[in-house]
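1. next comes the sequence, and after it the predicted model I'd like to discuss.
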Amino acid sequence: MAYPQLTDKAGVLQTALAIRTRKLSVAEAVDAAITRAGRLDAELDAIAVTDFERAYETARAMDKLQRRLDQPLFGVPMTVKESFDVAGLPTTFGHPQYRDAIAPRDALLVRRLKAAGAVIIGKTNVPVDLTDWQSFNPVYGRTRNPHDPERSPGGSSGGSAAAVAAGIVPGEYGTDIGGSVRVPAHFCGVWGHKTTWGLVPKHGHDFPGMSRADGFIAAADSPLSIAGPLARNAPDLAALVEVGADMPLRRRPKPLKDCRLLAVTSLPGAEVDASVAGPTEAALQALARAGVTIDRASDLLPDQAVQYRAYLKMMNIVMARGAPAPDGKRASATDWFDLLDAQAASMARWEALFELYDFVLAPPAPVLAVPHADTAVFRGTLTINGAEHPGSSGLVWSGMATFPGLPATILPIGSGTYLGSELPCGMQVIGPRWRDLDCIAAAEAIGQVLHH
């Protein structure tokens, strides 16, 4: 089963290996990435902030150094999402008034990427306040999907996914609270991973003005939101997760044929368009033919309508940092603790489900890449099977893994036709907490069945 691929450029680990074996210099790798950006980004507008000159200087200096085995990303050119602080570059979250808000210090994750040998060539585009499945703002303009420039690459890590899909860089780091890594991966036909909540730190991923002048970070990591990588294959995802993680992760390898999977393809109030349902069903049938055990329903699955309501309420409080809702009501401390209780109950139910099932398969979103619009997806509608549905209904599918803090890997599974355009389609593989590497490995095994 084929899926649309835009580039045959080397991935993260392949680039690192070429540099380590001196088949490629760091300067050559960085120059190639910057050249691709110059050739492709005029149309895509994926890169919001360039840091080419410093990247060149870093590359030339690294070529004089000994290649170290403890630097798995040595010499690999990368970008990061605009919302991560990179010392000397602005962080705006899409707001014009912060165009000159220069970060005094790298975010902790950026420091870890650099310590692993990555060369940061710039930062990628986002929607205002990171609150849309599109990526446009009045500071840096609109990012286009490299498969169809009339479509969104997703959001809020849309610039990230577009840069990876087009081959500008082999890997990226974005963030996700409402599908912001998973939906762009799905829209752009690349791999993405939503990490277990709390695994990868987000210190230095703060709204502009929240860091003190002395460079120390003032804001705490927010509930629900995670930092997660995008790449063009599963091993690269795993490598990027390990570089960013706060703790070592254990691998518990299990052949796919020995796994029991639960496929969730329909939920109340969350209709899925035929352009997504078709490739998803074809993938499930291919797995079944390969001997993989897949159940299509289970009473162990937490009530997703109940979970969605709690997730949406918690996410809105987090995104507004407790400010009053549009109706003027402000959540109380009691409301917050009630939500924490609901989240704990959801986690316990998912743990019970994973005593029987190894992984859960589900669509990342109810549609493929949406046409550009001047209003946020969540404030408008999604066209699903010819009818208009509230844009927020798509969050049911991202909330499945977000509310209980679970890891979820996106793999490309094929393509479908949505509103007249042939576009890539992904699937999310959801696993138990802290089993990120196993989740990625399962997605890789599924991909091998589907694509080979």
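-> In hand now; what should we look at?

2. can we go C-alpha only for contacts and neighbour counts from here?
-> Fine.

3. so what's residue 394 up against?
-> Shown in contact with residue 394 (CA atoms under 8 Å, 6 or more residues apart in numbering): 270, 365-366.

4. ok, it to residue 295 distance?
-> Distance check for residue 394 against residue 295: by CA to CA, to the nearest Å, it reads 23 Å.

5. likewise for residue 73?
-> For residue 73, the distance to residue 295 - CA to CA - is 39 Å.

6. the two: who's more crowded?
-> Using other CA atoms under 10 Å as the criterion, residue 73 and residue 295 rank with residue 73 on top: 29 against 13.

7. pretty sure that one contacts residue 14?
-> No. Using CA atoms under 8 Å, residue 73 is not in contact with residue 14, being 9.9 Å away.

8. give the contact list for residue 400.
-> By CA under 8 Å, 6+ apart, the contact set of residue 400 is 304, 307-308.

9. pretty sure it sits in a strand.
-> No. Read with DSSP: H, G, I helix; E, B strand; the rest coil, residue 400 is helix and lies in no strand.

10. for residue 365, see how far away it is.
-> 11 Å.

11. what comes up buried for the helix or strand containing residue 286?
-> Here residue 286, judged by DSSP states H and E, is contained in helix 274-289. Across helix 274-289, burial judged by 16 or more other CA atoms under 10 Å covers 274-280, 283-284, 286-287.

12. who are the packing partners of that helix?
-> strand 408-418, strand 421-430, helix 436-451 (3 or more CA pairs under 8 Å, 6 or more residues apart in numbering; DSSP states H and E).

13. with mean neighbour count, distance to residue 146 and mean pLDDT added, can I get those in JSON lines?
-> As requested, the helices and strands packed on helix 274-289 are exported to JSON lines (neighbours: other CA atoms under 10 Å; distance: least, CA to CA, whole Å; pLDDT from 0 to 100):
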{"stretch": "strand 408-418", "mean neighbour count": "26", "distance to residue 146": "14", "mean pLDDT": "98"}
{"stretch": "strand 421-430", "mean neighbour count": "26", "distance to residue 146": "10", "mean pLDDT": "98"}
{"stretch": "helix 436-451", "mean neighbour count": "22", "distance to residue 146": "21", "mean pLDDT": "97"}
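
14. can I get the ones you listed in JSON lines including distance to residue 43?
-> JSON lines is the format used below for those (distance: least, CA to CA, whole Å):
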{"stretch": "strand 408-418", "distance to residue 43": "22"}
{"stretch": "strand 421-430", "distance to residue 43": "18"}
{"stretch": "helix 436-451", "distance to residue 43": "30"}
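
15. which one of these lies closest to residue 252?
-> For the helices and strands packed on helix 274-289, the distance to residue 252 is smallest for helix 436-451, at 6.4 Å, taking CA to CA.

16. so what touches that closest one?
-> 1-2, 193, 195-196, 233-235, 237-238, 249-253, 256, 283, 286-287, 290, 359, 407-413, 429-431.

17. okay, that helix in CSV with CA atoms only?
-> Taking C-alpha atoms only, helix 436-451 is exported to CSV below (Å, rounded to 0.1, in the frame of the first residue of the first chain):
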residue,chain,number,x,y,z
ASP,A,436,7.1,5.4,23.8
LEU,A,437,9.8,3.3,22.1
ASP,A,438,7.5,0.2,21.9
CYS,A,439,4.8,2.4,20.5
ILE,A,440,7.2,3.6,17.8
ALA,A,441,8.4,0.1,17.1
ALA,A,442,4.8,-1.2,16.7
ALA,A,443,4.1,1.6,14.3
GLU,A,444,7.2,0.7,12.3
ALA,A,445,6.1,-3.0,12.2
ILE,A,446,2.7,-1.9,11.0
GLY,A,447,4.3,0.2,8.3
GLN,A,448,6.4,-2.7,7.1
VAL,A,449,3.3,-4.8,6.7
LEU,A,450,1.5,-2.0,4.8
HIS,A,451,4.3,-0.8,2.6
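
18. oh, and call the first residue 52 from now on, that's how I've got it
-> Right, with 52 as the first residue, what we last looked at is helix 487-502.

19. please compute how far the longest helix along the chain lies from its chain's middle.
-> Using DSSP state H to define each element, the chain has its longest helix at helix 384-404. Centroid separation between helix 384-404 and its chain, computed with CA atoms, centre = their mean, to the nearest Å, is 24 Å.

20. what is it packed up against?
-> Using 3+ CA pairs under 8 Å, 6+ apart, helix 384-404 sits against helix 355-371.

21. how far does the helix it packs on sit from its chain's centre?
-> Its chain's C-alpha centre and that of helix 355-371 lie 19 Å apart, by CA atoms, centre = their mean.

22. quick one: average pLDDT of that helix?
-> Per-residue pLDDT over helix 355-371 has a mean of 95.

23. repeat for stretch 378-393
-> On average, stretch 378-393 scores 94.

24. buried residues, it. List them.
-> 390, 393.

25. show residues contacting it.
-> Stretch 378-393 has contacts (CA under 8 Å, 6+ apart) with 358, 361, 365, 368, 373-375.

26. who wins for most neighbours among these?
-> Neighbour tally across the contacts of stretch 378-393 (other CA under 10 Å): the maximum, 21 neighbours, falls on residue 365.
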